[in-house]
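[1] Sequence and computational prediction follow.
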Amino acid sequence: MTSNKYSKLKEVEECLKSDDNKSDSTSVKHKILKKHAIDRHQNSKIFCQALTLLSVALLCILLANIFFLHTPFTIGQGRGCIFSKLFNYTRHSGLFRPSSKLSPTPEYDQQMYIEVIEIDVVEDVVFQEIPITDDHQQTLQEIPNEKKTHEEVPNLNDNTQCNIMDDGRKFDCHPESSVTQEKCEARGCCYQAGVPTGVPSCFYPLNYPGYIVTKKENKTQGFDVFLSRVSESYYPADVIDLKMEVRMEKSSRLHVKILDAMNSRWEVPLGVPVSPSTVEDVGDNLYDITVADVGQPFNFNITRTGTAKKILLQTTGAFIYADQFIQLSYFLSSNYVYGLGEHRDTLLLSVNWSKFTMWNRDQPPLENTNIYGDHPFYMNLENDGNAHGVFLLNSNAKDVILQPAPAITWRTIGGIIDLYVFLGPSPNEVIQQYTEVIGHSFMPPYWGLGFHICRWGDKTVNDTMDIVNRVAEYGIPQDSQWHDIDYMYDYKEFFLNETAFGNLTRMVQDLHDRGMYYVLLVDPAITNSTPPGTYAPLDLGLELGTFIKDYQGKPLAGKMWTGSSYFIDFSHINATKYWTAIAGDFHKIAPFDGIWLDENEVTNFNSGSLNGCPNISLENPPYLPAVVGGSLRYQTLCASAQQYISSYYNAHNLYGYSQTKVNYATMKELRGKRPFVTSGATFAGQGHFGVHCSGDNRANFYDMYKSISEILTMNMYGTSMVGADICGFSGNAKEQLCQRWHQLGAFYTFSRNHNAKGYTPQDPASFGPALAASTRKVYLIRYSLLPYLYTLIHKSHMMGDTVLRPLFFEFPLDSITYSNDKQFLWGPALLISPVLEWSFFDETALSVYFPADMWYDYYTGELITSDGGGKILQTPLDKINLHVRGGYILPWQYPNTTTIQSRKNKFGLLVALNSTSQAEGDLFWDDGDTIDTVHLNMYNMISFGANKNGVYSSPLFTGYTDEPMLLGNVTVFGLQQQPSTVTVNGQSAFFNYNLEYKVLYVTSFSSTLLKPIQILWTF
């Protein structure tokens, strides 16, 4: 869509209001071409005036041609709605229209043609003489006034154009429902009845007409390609002239944009740091791109260079670029596709006619539905283990289709084609390159890695503190307590229910005194029913103009928990000022440490608005992606609503992202420390500012299992802090489910137990001693490993590494790992294998896959050397399977029940030797809450190494000295022989050796990690 608040269709509709007296045969598409010509005419106005005399002469020639050749002549009655289009039919462009009637000019060395479709006599008109060579001597027909039904259709009698034997290579020409042969062939497409499920019965012929390359221009880091459409598509308002910008931004990053060459359109204002292009980095490119020659039908290919040359992206099907319908199809390098979120699906996506719809919606996770986020990014794992990624920076509603060729089709109803290709070649490098564009993940406060508990349905502060107290009585670690909507009076934002939660201030102070934190929920809707001067969030919002407007420019009224409401426009220039003011007033009452953004898709209980939505193209686009509810406004706002940056049609999917960004700034201002902002709705770049909770899941083992795919794909999208509601949001959780889910949830990066109003309590202390003991055990493990997790998150923040990883990230040549979504890794080194199903027994025989490497049991050090295969592990109810990969060193810390207390304890090192008796690791450390400690040099970076003779700790940078950082334990897995002596920095040390599992334990010493340490042994 255009860069202003509406589609250019709105301008055309206004222009056409004065054309009502024209013949009904004048098509909408013809009128839009008219508008397109106005723009072209305006751009040429100076040139027109300079050549007035020539124009008059040419006009005389034209009138003679009209008189003798009966060329149609129509006078428009609008506001200068000139209906002309000049096509450049040159020998190089090949832009000839077989169905046009062009009048010959006087004799020249080359025959010349002048084309005039229609003119407005009020305007100046420029005629362009266009040489046609002998190669292009064809009969050219005039464009008819009626809406085109494809007179230039391919010759369907030519069976070779429809004879596509491989169903997987048939691209859908009629994605709308109710296709018939008549409708299909009217689009110039091939029809075949009785096709298998998923296969399109209406598909494009091989010679389907589209765009022609007209010109190429070299640029500093790439080139531009100019395109023109040779015939109208079957969607209104074709963009006739396009510009393709190819920029080789880095050796591993290619950027391709396809724009309207004549008019600006809506482009996503990403709003996060983008890595600067460096010319020095370009030259040894991992890619090559080729575009069709001038005069040829448009297509392009992207290949991987080097010894592993292969085609990664090869365009096919029909490329369509209309105002409200853009379609791009291309073949993929393999069947192994990941991403295209946010959706409930398997980790490895099916290319068997799978459709993914992106239009953010408050929808409990279900298959084949659009849910909370829009992440138009995928990773394609190539057959040789290399990987690349593709990101379409487009926020409009869209369908993405995978088909068995394998191939992908992007269909979006606005914006532009803004395509990034990341060449990896490893999966983790692909994500590093992707997050350079959308922003690396934010650095959370250390306490954010602790355990969080929330319940919707607390009636008083006492209810909340009862949960905190019983969890503490069982010794279960917990760092924060949350409030859902219950604390509000009449569900009004930042309006305390004094009756039930009047002592909230004291409650927050009590949590802080315990070394804990407080997080509250907010919604994006502000009640509009309070009298002026009685409710600051309403009054200030009206004053600053920070509410979303309807089509007429008035605040749009919808319905939320609080009844009739306005919705905050977080894209507004005054949004941060507004939100910081109203949040700051409440922060004085209850100094919350984090904020949870809910219902921010946006959710509207009255679809559209209380006053309805206008009947215009923004509300009823010519193509509707497969959104739940069958309408863009279903359970959200009118698509024609106005936000500061654009129409809601364009910006809807950015709402949660914009709100998170504003709240990040607000929390930074209010606390002066690292923000902790959690959001349901997301867009690409969400992880740069906040956390994602995966939504309103259900209390069953299936939803527990599906959460693994969710957390892994969100890490691919650059959101390192992510988790599902432990035990399920809705439904009454059974004890065994909750026990197993706490074990899995202890290894989410964002670990929170939350359930809905009306269901039985499910906090870990509510089921009794057995579950409480099991949960305490697994969360003490989590808290002990937080130094390792914190280091991984630091690397994600600084370099774009993933934290939670699918197995194929580390083992891309092992095809068995490609579809494994029942296990995952913390970084490269810790393998997590949870029980994901119900058992009638006290332990479960779990099949665990071990990729080819050395794996040590986290609890005992028992070695499993695998060539790539499964192993049955007996897993009691109180255990989750954890294995440490050989070759790595994991820093850890003696745990306590809060992160504040844990940080006071000694560190330890878990060393897992590989087959050459070596291992390595590192530790990042700072105070856990100061913003930008790296830039302030207020951090420590420590490197660890091990060999057959000992373990070594070397501080690489020491800028944070407020904590002594004492090392007091080293455990070495895989030491094949029992030492006779062990020393720490030359001093004799106490040690034990487990002969069965070959594990060395060095304990009872204390050495600061801020200085070099050597733990040596002799045999």
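    That came through, no problem. Fair warning: this is a prediction, and the values are worked out from it, not measured in the lab. Residues are numbered from 1 along each chain as shown.
[2] Could you check how far the residue most central in space within the chain is from Tyr434?
    The residue lying closest to the centre of the chain (Cα atoms, centre = their mean) is His375, at 2.3 Å. Using Cβ to Cβ, to the nearest Å, His375 is found at 10 Å from Tyr434. Every C-beta, even on glycine, is put in place using the N, C-alpha and C of the backbone.
[3] ok, now Ile872?
    Distance from Ile872 to Tyr434, by Cβ to Cβ: 37 Å.
[4] With neighbour numbers in mind, choose between those two.
    Between Ile872 and Tyr434, counted using other Cβ atoms under 10 Å, Tyr434 has the larger neighbour count: 24 against 10.
[5] How about the contacts made by that one?
    Neighbour list for Tyr434: 377, 389, 391, 420, 422, 716, 718, 800 [criterion: Cβ atoms under 8 Å, 6 or more residues apart in numbering].
[6] Quick one: residues contacting the closest residue to Val268 other than its chain neighbours.
    Using Cβ to Cβ, 6 or more residues apart in numbering and skipping residues adjacent in sequence, the residue nearest Val268 is Ser395, 4.9 Å away. Neighbouring residues of Ser395 by Cβ under 8 Å, 6+ apart: 268, 374, 415, 650-654, 683.
[7] now swap in Phe331 and tell me
    311, 313-314, 316, 405-407 are the contacts of Phe331 under Cβ under 8 Å, 6+ apart.
[8] What of Pro851?
    Pro851 touches 807, 810-811, 814, 816-817, 866, 868, counting by Cβ under 8 Å, 6+ apart.
[9] Going by neighbour count, which of the residues you listed comes out on top?
    Leu807 (24 neighbours).
[10] What's the separation between the closest residue to that one other than its chain neighbours and Tyr336?
    Closest residue to Leu807 apart from its sequence neighbours, by Cβ to Cβ, 6+ apart: Thr817 at 3.8 Å. Distance, Thr817 to Tyr336, by Cβ to Cβ: 11 Å.
[11] Spit out the contact partners of Tyr648.
    548, 637-642.
[12] need these in CSV with neighbour count, secondary structure and distance to Ile289, can you?
    Below are the contacts of Tyr648 laid out as CSV (neighbours: other Cβ atoms under 10 Å; DSSP: H, G, I helix; E, B strand; the rest coil; distance: Cβ to Cβ, whole Å):
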residue, neighbour count, secondary structure, distance to Ile289
Ile548, 26, coil, 40
Leu637, 27, strand, 39
Cys638, 27, coil, 40
Ala639, 29, coil, 35
Ser640, 28, coil, 38
Ala641, 28, coil, 39
Gln642, 22, strand, 38
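[13] For the residues you listed, please prepare JSON lines with the additional fields pLDDT and distance to Thr307.
    Below are these laid out as JSON lines (pLDDT from 0 to 100; distance: Cβ to Cβ, whole Å):
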{"residue": "Ile548", "pLDDT": "98", "distance to Thr307": "54"}
{"residue": "Leu637", "pLDDT": "98", "distance to Thr307": "53"}
{"residue": "Cys638", "pLDDT": "98", "distance to Thr307": "54"}
{"residue": "Ala639", "pLDDT": "98", "distance to Thr307": "49"}
{"residue": "Ser640", "pLDDT": "98", "distance to Thr307": "53"}
{"residue": "Ala641", "pLDDT": "98", "distance to Thr307": "53"}
{"residue": "Gln642", "pLDDT": "98", "distance to Thr307": "53"}
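[14] Which of the residues you listed lies at the shortest distance from Leu348?
    Leu348 lies nearest to Ala639 out of the contacts of Tyr648, by Cβ to Cβ, at 33.6 Å.
[15] returning to that earlier point: now do the same for the residue nearest to the centre of the chain: helix, strand or coil?
    strand (DSSP: H, G, I helix; E, B strand; the rest coil).
[16] Poorly predicted segments of the stretch 201-350 of the chain, please.
    Of all residues in the stretch 201-350 of the chain, those with pLDDT under 70 make up the ranges 271-283, 308.
[17] Let's see that with 50 instead.
    For the stretch 201-350 of the chain, the stretches with pLDDT under 50 are 272-273, 275, 277, 279-280.
[18] now swap in the chain and tell me
    For the chain (pLDDT under 50), the answer is 1-152, 272-273, 275, 277, 279-280.
[19] rerun that using 70 as the cut-off
    In the chain, residues with pLDDT under 70: 1-159, 271-283, 308.
[20] Could you list the buried residues of the longest strand along it?
    For the chain, the longest strand by residue count, based on DSSP state E, is strand 310-322. In terms of neighbour count (16 or more other Cβ atoms under 10 Å), strand 310-322 has its buried residues at 312-322.
[21] now that strand, how far from the chain's geometric center?
    22 Å (Cα atoms, centre = their mean, to the nearest Å).
[22] Likewise for stretch 840-852?
    With Cα atoms, centre = their mean, you get 33 Å for stretch 840-852.
[23] Can you give me the buried ones in that stretch?
    844, 846, 848-851.
[24] cool, and stretch 521-532?
    So, applying 16+ other Cβ under 10 Å, buried residues of stretch 521-532: 521-528, 530.
[25] can you give me the strands for the stretch 201-350 of the chain?
    202-203, 211-219, 222-229, 241-250, 253-260, 287-291, 300-304, 310-322, 325-331, 336-341 (DSSP state E, counting those that start in this stretch).
[26] cool, the stretch 851-1000 of the chain as well?
    853-857, 863-866, 869-876, 881-885, 888-893, 907-912, 919-925, 940-947, 950-958, 966-973, 981-984, 987-988, 990-994, 999-1003.
[27] which stretch among those comes nearest Asn503?
    Nearest of these (Cβ to Cβ): strand 888-893, 35.0 Å.
[28] between the closest one and strand 950-958, how many degrees?
    70 degrees (axes from the mean of the first three to the mean of the last three Cα atoms, to 10 degrees).
[29] what does strand 888-893 rub up against?
    Contacts of strand 888-893 (Cβ under 8 Å, 6+ apart): 783-788, 791, 828-830, 884, 902-903, 905-912, 919-923, 942, 944-946, 951.
[30] run the last query once more with 6 Å
    Identification of contacts with strand 888-893 by Cβ atoms under 6 Å, 6 or more residues apart in numbering yields 784-785, 787-788, 829, 902, 905, 907-912, 919, 921, 923, 944.
[31] Tell me which of the contacts of Tyr434 fall in helices.
    The helices, defined by DSSP state H, take in Met716 from the contacts of Tyr434.
[32] I'd like the contacts of Tyr434 written out as a markdown table, with neighbour count and distance to Ser1006 added.
    Formatted as a markdown table, the contacts of Tyr434 follow (neighbours: other Cβ atoms under 10 Å; distance: Cβ to Cβ, whole Å):
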| residue | neighbour count | distance to Ser1006 |
| --- | --- | --- |
| Phe377 | 26 | 47 |
| Gly389 | 23 | 46 |
| Phe391 | 22 | 49 |
| Tyr420 | 22 | 50 |
| Phe422 | 27 | 46 |
| Met716 | 27 | 41 |
| Gly718 | 28 | 39 |
| Gly800 | 25 | 36 |
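[33] measure stretch 841-856 end to end?
    Taking Cα to Cα, to the nearest Å, stretch 841-856 runs 26 Å from one end to the other.
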